[in-house]
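Chemist: Sequence and predicted structure, then a few things I'm wondering about:
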Amino acid sequence: MLKEFKEFIARGNVIDLAVAVIIGVTFGKVVTSMVDGIIMPPIGLLLGKVDFSSLFFVLDHAKGQPVSLADAKAKGIPVVAYGAFINDIVNFLIIAFVIFLIVRIVNRMRKKDVTTKDCPYCLTAIPLAATRCSGCCGELKPG
């Protein structure tokens with residue numbers, strides 16, 4: 001069993017997956033830092049000096065009116081922290097867009113120029129401009 005586990009771990013795709021997870025987590029932290037520290041402050045300033053991460057809605061006013069989100073959590077007042085949700089949505093959109101760009105680049109790199117076609121008679125690969133198959137001498141329609 002230990003031998004099988006070592007073989008499983010030694011496979012390239014498992015190691016590649018581990019590296020991808022580590023890079024993904026790190027990238028997520030960088031994007032979160034960028035959103036919290038660079039993107040949201042100017043947006044908050046344009047919308048009237050609002051700090052999105054501290055926006056909340058009090059659900060139970062009977063326990064008092066908290067001054068901040070941290071105060072509400074300390075007092076155990078139930079709140080909907082929609083500001084943090086807005087930040088998380090912005091994080092998601094940025095990460096999704098970057099992943100889209102990466103996949104798009106990889107797909108373009110993988111795409112090869114098509115220079116051959118298959119003969120409809122013998123399925124031999126022949127140049128696109130060929131009018132006769134080199135394998136079976138079948139006459140081909142142009143185009």
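Modeler: Noted; the coordinates are in hand.

Chemist: what's next to stretch 16-34, contact-wise?
Modeler: N87, N91, I94, I95, V98 (C-beta atoms under 8 Å, 6 or more residues apart in numbering). Glycine gets a C-beta too; all of them are placed from N, C-alpha and C.

Chemist: check which helix or strand covers the second one.
Modeler: I take that to be N91. Using DSSP states H and E, N91 sits within helix 82-110.

Chemist: Does the residue nearest to L128 when sequence neighbours are not counted lie in a helix or a strand, and which?
Modeler: Closest residue to L128 apart from its sequence neighbours, by C-beta to C-beta, 6 or more residues apart in numbering: K117 at 5.5 Å. Assigned by DSSP H and E, K117 falls within strand 116-118.

Chemist: looking only at pLDDT, what's the mean for that strand?
Modeler: The pLDDT scores in strand 116-118 average 86.

Chemist: Identify each buried residue in it, please.
Modeler: Buried residues in strand 116-118, counted by 16 or more other C-beta atoms under 10 Å: none are found.

Chemist: Could you spell out the sheet neighbours of that strand, each with its direction?
Modeler: strand 125-127 (antiparallel) (DSSP bridges).

Chemist: ok, so what distance separates I95 from I39?
Modeler: Distance, I95 to I39, by C-beta to C-beta, to the nearest Å: 13 Å.

Chemist: just the strands in the chain please.
Modeler: 57-58, 79-80, 116-118, 125-127 (DSSP state E).

Chemist: Need the residues that contact the strand holding K117.
Modeler: T124, A125, I126, P127, L128, A130.

Chemist: In the sheet, which residues pair with the residue nearest to L128? Tell me.
Modeler: Those that pair with K117 in a beta bridge, by DSSP bridges, are I126.
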